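Engineer: Prediction below, plus the sequence it came from.
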Amino acid sequence: MRQQKSHEAGTEPPPSDAQMQKTLANLVNALDRCLPVPLGTQLRGLIEFGIALGELPSGQRLPSVREFAERAGIAPMTVSNVYRELRLSGLIETKPGAGTFVGDGHSSDGLHSSAMRKLQRRVDRLLDEAEALGMAPSLVASMVNARAARSRSSSRCLRILMVGNFLDTTQKYADRIREQLQPSDSIQATTVEALRAAPLSPFLFDLCVTLAHRRGEMEALLPAGVPVVGLSFIPSEETRSLLATIDPMARVGIVSVFPEFMAFMKPGVQRFTPHVSNTDIRLITAPDLPEFLQSLDVLVYASGAEHITKDLPAYRLAIEFQYVPDPHAILQTLLPAIEKLRTEIPKKE
C-alpha cells in the first residue's frame, strides 16, 4: 500500500527500474505485427542484436516474462521460450530474487577489472597534467606509443581469428582491428559457417574475436583453451551520413538477410532517417522482392545482400547498412585481452 501511494504521489522509480522500463518500451515498440516474422523470433532477434550492437549492455535488467507479455500483448509462453533459448546460449541470466539480466560475457577478459579502471584514472591524470603544461593530447599519445614500442621487442606475437556471418564484411572488421595490433601480429577472417564445416587445431590461433551475441557459440565450436572475445558493433559513419542525405519524399525500402534482424533493422534505419515517412521492409527471401525493389527510390540493404543491387536500375540509390567494431569495445574489451595474452607462455604444439 505504501509503495502504491508513493507511486501515485509521483515518486521517481529507482534508476535501475527506470532503465528497465525504457528497455521494455523500446522492445515493445520495435515489435512489428506487419512483418512476416513471428513475434517470438522478432523478440529473440531484438535482444540478440541489441547485445551485439551495444543497445543492451551487460548487466542490463530485462522485464519479467509476465510484464513483457502483458505490455506487448503476446502469450507469456512465447516470451518464456525466448528467454529460455537466450539463457541456454549464455546471452542472458536469471538471478533468483533479482530478475533477468543481460549476461556479462566479458567477465574474463578485463572489461570490468580494477586494474583497467586504475590505469584509466592514471591516463586521465596524465592528460590533465599535459594540458596544464600546454601539451596536446596527440603529443602525449605519440610519447606513450614510442615508449611502448621500445618494450615490444620481447612481447609475444599473436595470431587472431575474426569470426562473423559473411566473409567480406568480417574481413572489413578484421582490417579495423588490425590498426590496433602490432605489425608482427596476424589476424584472419572467417565465418561461423566455415568453422562448422572445418574445425580448427588449437594451435592455429591465440585468440578469437566475434560478435558479442555469438561468443558462447564460438566457445563451443573452437578447441578448448582458445579464448573468445565478443565485441559490440555500431553503424558506420559512412552509413549514418548516407542515410541522413536521403530525400524526405523518397520511397525507402529495407532488405534484411535474417528474419530475426528485421525488427531491429527497421527502427535502426529510421533512427538516421527521421525525415523520411515512406519506409517499408522485406526479407531477402520474400516472394515479391523483385517487384518491391522496382518500386523504390532508395534501397537500404543488410550486409550479405549485396547481390540484390544488380536488380536495381542504375539511377536508384543503394546503401549498405554497415556496422563497424565499437571503438570503446576495442579499447575496453579487446586490447586488455590481447595484452594479457602477450605476457602468457605460448601453447606448445
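Structural biologist: Perfect, I can see it now.
Engineer: Residue 31 and residue 185: what is the separation?
Structural biologist: Residue 31 sits 43 Å away from residue 185 when distances are taken as C-beta to C-beta, to the nearest Å. C-beta coordinates here come from the backbone N, C-alpha and C atoms, glycine included.
Engineer: again, but for residue 59
Structural biologist: 31 Å.
Engineer: between those two, who's got more neighbours?
Structural biologist: Counted by other C-beta atoms under 10 Å, residue 59 and residue 185 do not tie: residue 185 has more neighbours, with 19 against 12.
Engineer: okay but the more buried one is in contact with residue 158, surely?
Structural biologist: Yes. Residue 185 is within contact range of residue 158, at 4.9 Å (criterion: C-beta atoms under 8 Å).
Engineer: Who are the packing partners of the helix or strand containing residue 270?
Structural biologist: For residue 270, the host element (DSSP states H and E) is helix 262-272. If contacts are counted by 3 or more C-beta pairs under 8 Å, 6 or more residues apart in numbering; DSSP states H and E, helix 262-272 sits against helix 15-30, helix 39-52, helix 237-244, strand 252-256, strand 279-283, strand 317-321.
Engineer: Go through these and find the least confident stretch.
Structural biologist: Looking over these, mean pLDDT reaches its minimum on helix 15-30, with a mean of 83.
Engineer: between it and helix 262-272, how many degrees?
Structural biologist: Calculated by axes from the mean of the first three to the mean of the last three C-alpha atoms, to 10 degrees, helix 15-30 forms an angle of 100 degrees with helix 262-272.
Engineer: Give me the buried stretch members for helix 15-30, please.
Structural biologist: 20, 23-24, 27-28, 30 (16 or more other C-beta atoms under 10 Å).
Engineer: again with stretch 318-331
Structural biologist: 318-326, 329-330.
Engineer: next one: stretch 286-305
Structural biologist: For stretch 286-305, burial by neighbour count (16+ other C-beta under 10 Å) applies to 289, 292-293, 296-305.
Engineer: Next step: the residues you listed restricted to strands.
Structural biologist: In strands, defined here by DSSP state E, the members of those are 298-302.
Engineer: what residue ranges in this structure score low on pLDDT?
Structural biologist: Scanning the chain with the threshold set as pLDDT under 70 gives 1-16, 104-120, 145-155, 202-203, 345-349.
Engineer: Strands of that one, residue ranges please.
Structural biologist: Secondary structure of the chain (DSSP E): strands at 61-62, 92-95, 99-102, 159-164, 186-191, 207-211, 228-231, 233-235, 252-256, 279-283, 298-302, 317-321, 323-325.
Engineer: Is residue 333 in contact with residue 215, as I believe?
Structural biologist: No. Counting by C-beta under 8 Å, residue 333 stays clear of residue 215, with 10.6 Å between them.
Engineer: residues bridging contact with the two, i.e. touching both?
Structural biologist: Contact criterion C-beta atoms under 8 Å, 6 or more residues apart in numbering; residues shared by residue 333 and residue 215: 229-230.
Engineer: and the gap between residue 165 and residue 210?
Structural biologist: The gap separating residue 165 from residue 210 is 10 Å, by C-beta to C-beta.
Engineer: and the two? which has more neighbours close in?
Structural biologist: residue 210 (27 against 17).
Engineer: who's in contact with the more buried one?
Structural biologist: Residue 210 neighbours (C-beta under 8 Å, 6+ apart): 162-164, 218, 228-231.
Engineer: Which single one of those is nearest to residue 73?
Structural biologist: For those, the closest approach to residue 73 (C-beta to C-beta) belongs to residue 230, at 32.5 Å.
Engineer: so the closest one sits right up against residue 213, yeah?
Structural biologist: Yes. At 7.3 Å, residue 230 counts as touching residue 213 under the criterion of C-beta under 8 Å.
Engineer: Which residues are in contact with each of the two?
Structural biologist: In contact with both residue 230 and residue 213: no residue, using C-beta under 8 Å, 6+ apart.
Engineer: Any figure for the gap between residue 304 and residue 176?
Structural biologist: For residue 304, the distance to residue 176 - C-beta to C-beta - is 18 Å.
Engineer: if we can go back for a sec, could I get the strands of the chain as a markdown table with distance to residue 171?
Structural biologist: Shown next, in a markdown table, are the strands of the chain (distance: least, C-beta to C-beta, whole Å):
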| stretch | distance to residue 171 |
| --- | --- |
| strand 61-62 | 34 |
| strand 92-95 | 30 |
| strand 99-102 | 29 |
| strand 159-164 | 8 |
| strand 186-191 | 4 |
| strand 207-211 | 13 |
| strand 228-231 | 15 |
| strand 233-235 | 15 |
| strand 252-256 | 21 |
| strand 279-283 | 25 |
| strand 298-302 | 17 |
| strand 317-321 | 14 |
| strand 323-325 | 13 |
